Structures are given as structure tokens and as C-alpha cells.
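[1] just coords:
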């Protein structure tokens, strides 16, 4: 994660300046020179990178203006100076500042580490955009993952560390990159200098504070839909700091419910799993087959209706006929499918006994990124004995 500070100032009215967020950069005037300092309230080291976009009638003490480490809670750290060259002429400057948590000179990701999924043990969510996702996972975000989930879903730390940055004051989100700065987030610095980034959290959605030490699996906040977001989800990545003040996402592995170390894949569902906690039943819609429903019949109470009913397991739809009458019917099921296929050839005809619910078919999505949809139609005729 990085911040950008753009400063355009006329010398006639400059005394000091503030960044919109920490760190605080300011100046002190000494004769015809302006000395730049920084104060940092961060509980971790940060790397600061400052460049001059324009200097008019100023000479800089260094180029880039500053590139280096700021210690945690460091006060009045000298950065650089700008010296006015000709006092009889007007002068101005424009500088750009970027910073990131961590130290790019020492940070080195432990590639043997296996991360928890960033949600509660036993809960399941779909990974809707993975590595190199075409919607927004390019450049610094190329190794990020997005999990679709309702707003307010509990978010857990994927790895232990120190909470270095928290933003939770935004209500705003949208599907344009112009909303990017409106995202709420939590950034946690890990022991190896990498960071875990949890983004698009809801307003006031953090339950941790800067400088908190968290353990793997600990509740840290709640998901939302803020920032550059096309729908409620959690954006998660593991990143390393770079010397230009940015963060670069890197590949990582998750811990699956069966203890296996896996690389996340787009359009798959995953269970949160935390070692030492109670086992939970595992059911994926993609694993269902018609053999699971062989001779399926459920007795139901009388309600006088006959209709199709469905059940959703992940992206798989289970189709039933519900006969809440005391009569037997011959039922024909038709379908209109878009980017889906039926496990049973349709149309199909079934005899449905009184007060019974019987299995018809499974509808699976094709393995494509385009949306899928279905319509099921039912015609029926009473069978008289």
C-alpha cells in the first residue's frame, strides 16, 4: 500500500505542510533555504520516497529528494533541503511523496509459510477473481485474490503480525478506479517484512487498532463494499515493500481444510480452516452427482400445490418436484439454460406420488467466466387409477 502526496507551493506563503495521512512532512525556513523534516506515528518502520516534479529557482540537496527508512515513531527526521537560487525572482516547487510500511532492504517473504483463509473457520466463500484477474488484478495487485461475501462478514487474520495501518471512515464504493482511494482497509506487517492487506472493509469495520499484535485466525474486522469494488467482497493480498514507496503483491499459499497447502484458483469455493478447531462437514456443489440422489424421495405435508423447487449448493442447483397433494401426477420438466448444463437430459418425465418431493436433476455452470442462468418449466397431469 502506498500514499501519494502532491505539493505545489509558492515560496511567499510557505511555512510548513501536512500530508493527508501519516507521515507528516513539514518545513523550517533558514535564510534562503527550506529544510524538510518528517514525523512518523507508525508503530513499524516505513520507507519514504520523495521526488521533485518541478523546481523553479530552487536547488535540491539530493536527487531523488529522499529515499530511505523512517524508524517507528521517529520525530523530526531530516529529509532534504531546497535552496533558493535567486532571491530577486519568484520560486515554486512541486514534489511527490510515496511511502510504504516495512523495509524493502530487509523484507524477504518466507515462501514456506502457509496462510489461513481470511474468514472464519468452517465458513465457505467463492474466489471470484484470482491471480492476474482481468478486472483489476494487474501490476502491484497481480497476485491478489477476491472473495465474494455479504457485507458484514467477519474477517480473520491470515497470519500473525502487527497492525500497521487502518482506514475505516469511508462509506463510498463503485466500479470505477476513481473510487480506489475510498477503500477501507487493514494492513498487518508480518515477521519477515511482508504485509497482509485486507481491503474494501465496511464503514467502521475494523475491530483492531494500529500497533495491535494479532495472531493467525483472530477476528480483525468486517467485509464491505468500499473503494474500487463492483460488489461486496474481500480483497486479500500478501505484499513486499519496494524502494519507490509502493507495495508489490506476491504469490502465496493457503491452508485447505484437509491440511493441504494450495495455490488459490479463480471460481472455486474455499472453506476457512484453522488448526486445532472443531472439524466441520465439507460439501461442494461441484462434487455432487445424480448418484447422491438415487431413489431420493422425501415425504412432505399437504399444501395443495405442485411445483418445481430448487436448492443451491455453491454454483450447483438441485432441482426437485414438490407434490403437496393427495394425488399422483405425471410431470414433465423442461428447461432453458444459459452457460449451464443438466446432469440429466431434459425434458424428462416423472411420476410423482402424493405428498412427495422427488429429485429431478443437477444444474452445473459451464467453466467459463460469463454469467449463467436457468429457467425451469413444469407441466403435469393427474394419473387416475
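    Perfect, I can see it now. This is a predicted model, so every value here is computed, not measured.

[2] going forward, measure contacts and count neighbours with C-alpha atoms only.
    Fine.

[3] how far away is the closest residue to residue 146 other than its chain neighbours from residue 215?
    The spatially closest residue to residue 146, leaving aside those adjacent along the chain, is residue 235, at 4.5 Å (CA to CA, 6 or more residues apart in numbering). Distance, residue 235 to residue 215, using CA to CA, to the nearest Å: 20 Å.

[4] out of those two, which sits in the more crowded spot?
    residue 235 (24 against 15; other CA atoms under 10 Å).

[5] Does that one touch residue 142 like I think?
    No: in this structure, residue 235 is not within contact of residue 142 by CA atoms under 8 Å, at 11.8 Å.

[6] shaky segments in the stretch 51-200 of the chain?
    Applying pLDDT under 70 to the stretch 51-200 of the chain flags no residue at all.

[7] where do the helices sit along it?
    Counting by DSSP state H, counting those that start in this stretch, the stretch 51-200 of the chain has no helices at all.

[8] Tell me where it has strands.
    Ranges of strands within the stretch 51-200 of the chain are 58-60, 66-70, 77-84, 92-101, 114-115, 124-129, 145-148, 154-156, 161-167, 173-174, 185-189, 195-199, based on DSSP state E, counting those that start in this stretch.

[9] The third one versus strand 66-70: what angle between them?
    Following axes from the mean of the first three to the mean of the last three CA atoms, to 10 degrees, one obtains 160 degrees for the angle between strand 77-84 and strand 66-70.

[10] I would like the residues contacting strand 77-84, please.
    The contact list for strand 77-84 (CA atoms under 8 Å, 6 or more residues apart in numbering) reads 32-39, 57-62, 65-66, 70, 91.

[11] filter these to the buried ones?
    Buried subset of these (neighbour count, 16 or more other CA atoms under 10 Å): 33-39, 57-58, 60, 65-66, 70, 91.

[12] Of the residues you listed, which is the nearest to residue 27?
    residue 36 (4.4 Å; CA to CA).

[13] Give me the spatial nearest neighbour of that closest one, chain neighbours excluded.
    Per CA to CA, 6+ apart, closest to residue 36 is residue 27, 4.4 Å.

[14] What of residue 351?
    residue 330 is the one closest to residue 351 (CA to CA, 6+ apart), at 4.5 Å.

[15] which parts of whichever strand or helix holds the one you found are buried?
    Per DSSP states H and E: residue 330 is located in strand 329-338. Using 16+ other CA under 10 Å as the burial criterion, the residues of strand 329-338 that qualify are 329, 331, 332, 333, 334, 335.

[16] Note down every partner strand of it and its orientation.
    Within its sheet, and counting by DSSP bridges, strand 329-338 is paired with strand 348-352 (antiparallel), strand 373-382 (antiparallel).

[17] right, so those strands: which one is the most enclosed?
    Most buried of those, by mean neighbour count (mean count of other CA atoms under 10 Å): strand 348-352, with a mean of 16.

[18] Let me know the average pLDDT across that one.
    For strand 348-352, the mean pLDDT works out to 97.

[19] can you tell me how far residue 33 sits from residue 60?
    For residue 33, the distance to residue 60 equals 10 Å [CA to CA].

[20] now residue 35
    Residue 35 is 10 Å from residue 60, by CA to CA.

[21] got it, and residue 81?
    Counting by CA to CA - residue 81 and residue 60 are separated by 6 Å.

[22] hmm, back to that, what is the neighbour count of the residue nearest to residue 36?
    Around residue 27 there are 22 residues (other CA under 10 Å).

[23] Can you report phi and psi for it?
    phi -130, psi 160 (degrees, to the nearest 10).

[24] any idea which residue sits dead centre in the protein?
    Geometric centre of the chain, nearest residue: residue 235, 0.7 Å, by CA atoms, centre = their mean.

[25] wait, what's in contact with residue 40?
    22, 23, 24, 70, 71, 72, 73, 74, 75.

[26] Also residue 140?
    So residue 140 contacts 247, 248, 249 (CA under 8 Å, 6+ apart).

[27] so which one among these has the lowest pLDDT?
    residue 247 (93).

[28] Surely that residue and residue 197 touch.
    No: using CA under 8 Å, residue 247 is not in contact with residue 197; the gap is 10.1 Å.

[29] Overlap of the contact sets of these two?
    Contacts common to residue 247 and residue 197, judged by CA under 8 Å, 6+ apart, are residue 239.

[30] circling back to that earlier point, same list, the contacts of residue 40, but as TSV with distance to residue 44 please.
    Below are these laid out as TSV (distance: CA to CA, whole Å):
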residue	distance to residue 44
22	12
23	12
24	15
70	9
71	7
72	5
73	8
74	10
75	13
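
[31] Of these, which is the most crowded?
    Busiest of the contacts of residue 40 [other CA under 10 Å] is residue 70, holding 25 neighbours.

[32] Beta-bridge partners for the nearest residue to it once chain neighbours are set aside, please?
    Among residues not flanking residue 70 along the chain, residue 46 sits closest, at 5.3 Å (CA to CA, 6+ apart). Here residue 46 shows beta-bridge partners residue 70, residue 101, assigned using DSSP bridges.

[33] my read: residue 46 touches residue 104, true?
    No: assessed by CA under 8 Å, residue 46 is found out of contact with residue 104, at 9.3 Å.

[34] Residue 166 contacts residue 187, doesn't it?
    Yes: using CA under 8 Å, residue 166 is in contact with residue 187, at 6.5 Å.

[35] higher neighbour count, these two?
    A count of neighbours by other CA under 10 Å puts residue 187 above the other of residue 166 and residue 187, at 24 against 20.

[36] Do I have it right that that one meets residue 197?
    Yes: assessed by CA under 8 Å, residue 187 is found in contact with residue 197 at 4.7 Å.
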